[in-house]
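K.L.:
Sharing a sequence plus its predicted fold:
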Amino acid sequence: SQTIHQWPATLVQPVGSPLSLECTVEGTSNPNLYWYRQAAGRGLQLLFYSVGIGQISSEVPQNLSASRPQDRQFILSSKKLLLSDSGFYLCAWTQQRTGVAIEQFFGPGTRLTVL
Amino acid sequence: GENVEQHPSTLSVQEGDSAVIKCTYSDSASNYFPWYKQELGKRPQLIIDIRSNVGEKKDQRIAVTLNKTAKHFSLHITETQPEDSAVYFCAADTGRRALTFGSGTRLQVQP
């Protein structure tokens, strides 16, 4: 069966510091991968998605970036965090899609607080 | 692009009553409509989904209906229980890009 991992689970960082969040998927190959951010009490904002190694689509211009160095690894980064970057960061995956929408599953999330 | 609107934003019901959450979508090419339940501090969990070739789908106490002509779909929870209390998100997908989520409904079931 497939599982998705995220780490760290929680993180407290000062403004201006760098960020690296990691997501890995097990039990599948060539998945589509997604990064979402959820501000406190709010909905899910799609940040990035990837259909393959090195292929990143950015949905919202901001000071975050994403990379996919390996098939089942997705990394979210920032060079300098802002207070507004605080939130619950969720990684998600689907099986590779060819124009047919299929089930999407979320990782456990990383709760980031920027002080 | 796709836009999904969800109502109501909050819903309070008595235990045993039914709850209905409604969503509308804008892109007629959307063909997949999942519903997620998110408990406090947890990840969203897929609870039920429906495809555009089906009008209704049931799974025990939950059901989803889809009206393609009107471009709206609804989640129905019958015989609500306190453990149904959570935030529920609808979403729509054309299969070309990624899910587009509604803004969420906070359901509170009063014992």
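P.N.:
Done, it's in.

K.L.:
which stretches of chain B form strands?
P.N.:
All strands of chain B, identified by DSSP state E, fall at B:4-7, B:10-14, B:19-25, B:32-38, B:45-51, B:56-59, B:62-67, B:72-77, B:86-92, B:100-101, B:105-110.

K.L.:
Chain B against chain A: which residues are in contact?
P.N.:
Contacts of chain B with chain A, taken as Cβ under 8 Å from any Cβ of the partner chain, map to B:31-32, B:34, B:36, B:41-46, B:49, B:89, B:93-104. C-betas here are computed from N, CA, C, even on glycine.

K.L.:
and A:Ser84, which of the three is it?
P.N.:
Assigned by DSSP: H, G, I helix; E, B strand; the rest coil, the conformation of A:Ser84 is helix.

K.L.:
Excluding covalently adjacent residues, which one is nearest to it?
P.N.:
Of all residues not flanking A:Ser84 in the chain, A:Val114 sits nearest, at 7.9 Å (Cβ to Cβ, 6 or more residues apart in numbering or on different chains).

K.L.:
Surely the one you found is in contact with A:Leu81?
P.N.:
Yes: here A:Val114 lies in contact with A:Leu81, judged by Cβ atoms under 8 Å, at a distance of 4.9 Å.

K.L.:
what residues are shared contacts of those two?
P.N.:
A:Gln13, A:Pro14, A:Val15 (Cβ atoms under 8 Å, 6 or more residues apart in numbering or on different chains).

K.L.:
Show me how to select, in ChimeraX, the buried members of these.
P.N.:
Remark: buried members of the shared contacts of A:Val114 and A:Leu81, expressed as a ChimeraX selection using 16 or more other Cβ atoms under 10 Å in any protein chain shown:
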select /A:13
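
K.L.:
Just send the shared contacts of A:Val114 and A:Leu81 back as a markdown table, with distance to A:Val100 too.
P.N.:
Output for the shared contacts of A:Val114 and A:Leu81, formatted as a markdown table (distance: Cβ to Cβ, whole Å):
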| residue | distance to A:Val100 |
| --- | --- |
| A:Gln13 | 39 |
| A:Pro14 | 44 |
| A:Val15 | 43 |
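
K.L.:
and which of the shared contacts of A:Val114 and A:Leu81 is nearest A:Gln38?
P.N.:
Using Cβ to Cβ, A:Gln13 is the member of the shared contacts of A:Val114 and A:Leu81 that sits closest to A:Gln38, with 17.4 Å.

K.L.:
now the closest one, which residues is it bridged with?
P.N.:
With DSSP bridges applied, A:Gln13 shows beta-bridge pairing to A:Val114.

K.L.:
Could you measure from the residue nearest to A:Ser84 over to chain B?
P.N.:
Counting by Cβ to the nearest Cβ, to the nearest Å, the gap from A:Val114 to chain B is 18 Å.

K.L.:
Could you check how far that residue is from A:Tyr34?
P.N.:
Shown here: A:Val114 relative to A:Tyr34, a distance of 22 Å by Cβ to Cβ, to the nearest Å.

K.L.:
The two: which has the busier surroundings?
P.N.:
Taking other Cβ atoms under 10 Å in any protein chain shown, A:Val114 and A:Tyr34 do not tie; A:Tyr34 has more neighbours (26 against 19).

K.L.:
these two touch, right, that one and B:Ala98?
P.N.:
Yes: using Cβ under 8 Å, A:Tyr34 is in contact with B:Ala98, at 6.1 Å.

K.L.:
Check the contact lists of the two and give me the overlap.
P.N.:
Residues touching both A:Tyr34 and B:Ala98 (Cβ under 8 Å, 6+ apart): A:Leu46, A:Tyr49.
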